[in-house]
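Visitor: sequence and predicted structure are below.
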2 protein chains.
Amino acid sequence: MSGTKEHIVLIASRLFLQKSYKEVTMKELVDKTGMSKGAFYHYFKSKEQVFLESLEFFHEELTRDFSKYSQNSLKKFYIDYLGDTIRLTRHYFKHFENEFNERDITINHFSLVFDALRLFPEYRRKIEEVFKIELKFWVQIIKTARSNGEIKTPLSDVKTGEMFIYLSDGIGINMIMQGVALEDMVKQLKNQWDALYEQIKT
Amino acid sequence: MSGTKEHIVLIASRLFLQKSYKEVTMKELVDKTGMSKGAFYHYFKSKEQVFLESLEFFHEELTRDFSKYSQNSLKKFYIDYLGDTIRLTRHYFKHFENEFNERDITINHFSLVFDALRLFPEYRRKIEEVFKIELKFWVQIIKTARSNGEIKTPLSDVKTGEMFIYLSDGIGINMIMQGVALEDMVKQLKNQWDALYEQIKT
DNA sequence: ATATTTAAACCGACTGCCCGGTATGTTAAA
DNA sequence: TTTAACATACCGGGCAGTCGGTTTAAATAT
């Protein structure tokens, strides 16, 4: 964590979350990390590699462990999900503690993903994989909730799970476009998930 | 439409929908439009201006006239919406008839919007305005459908309307990330809206 | 303990290329 | 004859990446 390379990846990940790949220059990367160009290229062979490792770091930092969420109640599951969203984001921003707080900058992980897709088309498989894993957990808890008697809906488990995910992404992108802070985004997401839950609960 | 400037804006809009602002170079713009640099700068004073006019063109081409959609039935309203999505996209691609068809390229309007926000922060107001207008129409038809007896839900009109919109954006961004073609995106959206409708109908 | 060797860590000037933009025209049409 | 429409060579600056070097520190030898 305190290694030079890790330091670079951390700063770089933040920049790539704020701006497009091309907008982030090596000069800026060098300046913001406080390194020299020579030192920089001692650790990374190209800008592309810095981006790739930043992308991997981003995934490591923000990947969820769904198995820690409630496995008995759908409501509890999505409440855990919301709490985890805050936790994960806070944890990421903690690295920049003294520099700024999460309200000051817009982090746009969709923009990062778009750049990644343009640079590495095979990255699409990673995205699909992540989606499938998340969907699997939603379907699982929905199935359980249905047999529990917690919910009752004519919709299939998959379609219900997809609905929770799509709502989340739809709100995510709208909040980013409107420059809404994390807490408010999570609140809005809770509102919508509560509404959906209200519709399908027994 | 057949004017030189319109031709440039058309080609440029396509490029800005495919790549980030910085990735699109003046050289490429000049080559793809078949013009010379001098001619190009005769019509536009800067790259930024080309982008701005492409953005405006994009809005003109893809702005919906909700007042043409059904005003009696929510179901008909969203079916009209889906049909209009196909119609608008087809109309846009018709400009490039002989060059390629819509399946071959990824059109990412979110990426365009992110670039626009970075270049012109005040563009956020335009986005919010567009969102508000769309929401207004959703709320209107939902209100009507409720008094019609078409639907019955404890959810507020606004929350229900937002849910339709967020679902649409969530599916949109997921289909873009997964490289899904327009028709399949619309099908998936219909699936989800049908599911939501199933939940709230009387 | 101290001297010597070795290699990793780091530095900043430099390179060549491509960027957006311009200057100076020529052609075509009103 | 005037002006809009187009063409081309060119420019300064910033880009990613390189290169020859120095410093630092750990490993090894004395």
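Guide: Cool, got the structure.
Visitor: flag every residue of chain A that's near DNA strand C.
Guide: Residues of chain A lying close to DNA strand C (CB under 7 Å from any atom of the strand) are A:4, A:35, A:36, A:37, A:38, A:39, A:41, A:42, A:43. (Each C-beta comes from the backbone N, C-alpha and C, glycine too.)
Visitor: one more time with 10 Å
Guide: A:3-5, A:7-8, A:22, A:26-27, A:30, A:33-43 (CB under 10 Å from any atom of the strand).
Visitor: show me which of those are buried.
Guide: A:7, A:8, A:30, A:33, A:35, A:40, A:41, A:43 (16 or more other CB atoms under 10 Å in any protein chain shown).
Visitor: closest residue of chain A to DNA strand C?
Guide: Nearest residue of chain A to DNA strand C (CB to the nearest atom of the strand) works out as residue A:38 at 2.0 Å.
Visitor: what pLDDT does that residue get?
Guide: Here the pLDDT value assigned to residue A:38 is 97.
Visitor: next, it: secondary structure please.
Guide: Following DSSP: H, G, I helix; E, B strand; the rest coil, residue A:38 is assigned to helix.
Visitor: can you pull the contacts of it?
Guide: If a contact means CB atoms under 8 Å, 6 or more residues apart in numbering or on different chains, then residue A:38 has no contacts.
Visitor: could you dump the buried ones among the residues of chain A next to DNA strand C to TSV with distance to residue A:157 and secondary structure?
Guide: Below are these laid out as TSV (distance: CB to CB, whole Å; DSSP: H, G, I helix; E, B strand; the rest coil):
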residue	distance to residue A:157	secondary structure
A:7	44	helix
A:8	44	helix
A:30	50	helix
A:33	47	helix
A:35	50	coil
A:40	49	helix
A:41	51	helix
A:43	46	helix
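Visitor: confidence score at residue A:97?
Guide: So, for residue A:97, pLDDT stands at 81.
Visitor: so what pLDDT did the residue nearest in space to the middle of chain A get?
Guide: When CA atoms, centre = their mean is applied to chain A, the residue found nearest the centroid is residue A:62 (5.3 Å). You'll see residue A:62 listed with a pLDDT of 95.
Visitor: identify the residues contacting the residue nearest to it when sequence neighbours are not counted.
Guide: Nearest non-adjacent residue to residue A:62, counting by CB to CB, 6 or more residues apart in numbering or on different chains: residue A:88, 5.3 Å away. Contacts for residue A:88 (CB under 8 Å, 6+ apart) come out as A:61, A:62, A:64.
Visitor: number of nearby residues for the first one?
Guide: I take that to be residue A:61. By other CB atoms under 10 Å in any protein chain shown, 14 other residues sit near residue A:61.
Visitor: and it, helix, strand or coil?
Guide: Criterion first, three-state DSSP; result for residue A:61: helix.
Visitor: residues near the nearest residue to it once chain neighbours are set aside, how many?
Guide: Counting by CB to CB, 6+ apart, residue A:61 lies nearest to residue A:92, which is 5.2 Å off, once chain neighbours are set aside. Residues contacting residue A:92 under the criterion other CB under 10 Å number 19.
Visitor: helix or strand: which one has residue A:92?
Guide: Using DSSP states H and E, residue A:92 falls within helix A:74-94.
Visitor: how about that helix: buried residues?
Guide: A:74-75, A:77-82, A:84-85, A:89, A:92-93.
Visitor: so the helix or strand harbouring residue A:175 versus helix B:157-177, what angle?
Guide: Secondary structure assignment for residue A:175, by DSSP H and E: helix A:157-177. Per axes from the mean of the first three to the mean of the last three CA atoms, to 10 degrees, the angle that helix A:157-177 makes with helix B:157-177 is 90 degrees.
Visitor: surely residue A:128 meets residue B:178?
Guide: Yes: look at residue A:128 against residue B:178 with CB atoms under 8 Å: they come within range, at 6.1 Å.
Visitor: and the helix or strand containing residue A:9, C-alpha only, in CSV?
Guide: Taking DSSP H and E as the definition, residue A:9 sits inside helix A:4-18. C-alpha atoms of helix A:4-18 as CSV (Å, rounded to 0.1, in the frame of the first residue of the first chain):
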residue,chain,number,x,y,z
THR,A,4,5.7,3.8,-4.8
LYS,A,5,3.9,1.8,-7.5
GLU,A,6,0.8,1.5,-5.3
HIS,A,7,1.0,5.3,-4.7
ILE,A,8,1.1,5.9,-8.5
VAL,A,9,-1.8,3.5,-9.2
LEU,A,10,-3.9,5.2,-6.5
ILE,A,11,-3.4,8.7,-7.9
ALA,A,12,-3.9,7.5,-11.4
SER,A,13,-7.1,5.7,-10.6
ARG,A,14,-8.5,8.9,-9.2
LEU,A,15,-7.6,10.8,-12.3
PHE,A,16,-8.9,8.2,-14.7
LEU,A,17,-12.2,8.3,-12.7
GLN,A,18,-12.4,12.1,-13.2
